[in-house]
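J.: Below: sequence and its predicted model.
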Amino acid sequence: MFLIANLLDAVAFILDKLLWLYMWVIIIRALISWVNPDPWNPLVQFLYRATEPVLQPIRRLLPMTFSLDISPVIAIFGIYFLQIFLVRSLYQLANLFR
């Protein structure tokens with residue numbers, strides 16, 4: 001049973017770090033959008049390609065208020081929710097198998 005516990009621990013740890021990294025990618029994209037970046041820059045293209053699949057559905061659901069895009073804020077709250085709910089649940093499930 002310790003193998004299942006270790007596997008769940010590893011999955012929770014990796015998921016937590018990936019969510020943390022993706023949150024910073026969203027923050028960097030939001031900050032870069034304030035300075036009107038060069039759209040041909042490879043870093044800017046990566047940031048847009050990496051975040052657009054998450055931000056676009058949020059934009060479709062929420063209207064723009066005062067021409068302010070709040071989709072990165074909603075996405076970050078979603079990431080926090082996943083870190084609190086999913087990652088902690090995986091850690092607790094791993095502890096049940098110990």
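T.: Looks like it arrived, so ask away.
J.: For this protein, which segments are assigned as helices?
T.: Per DSSP state H, the chain carries helices over the ranges 2-33, 42-61, 71-82, 88-96.
J.: low-confidence ranges in this protein?
T.: Within the chain, not a single segment meets pLDDT under 70.
J.: Can I get the helices of the chain in CSV including mean neighbour count?
T.: Every C-beta, even on glycine, is put in place using the N, C-alpha and C of the backbone. CSV is the format used below for the helices of the chain (neighbours: other Cβ atoms under 10 Å):
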stretch, mean neighbour count
helix 2-33, 14
helix 42-61, 13
helix 71-82, 16
helix 88-96, 14
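J.: So Ala30 versus Ala75, what's the distance?
T.: 9 Å (Cβ to Cβ, to the nearest Å).
J.: sorry, that was for Leu21
T.: 13 Å.
J.: go on, Val25?
T.: From Val25 over to Ala75 (counting by Cβ to Cβ), the distance is 10 Å.
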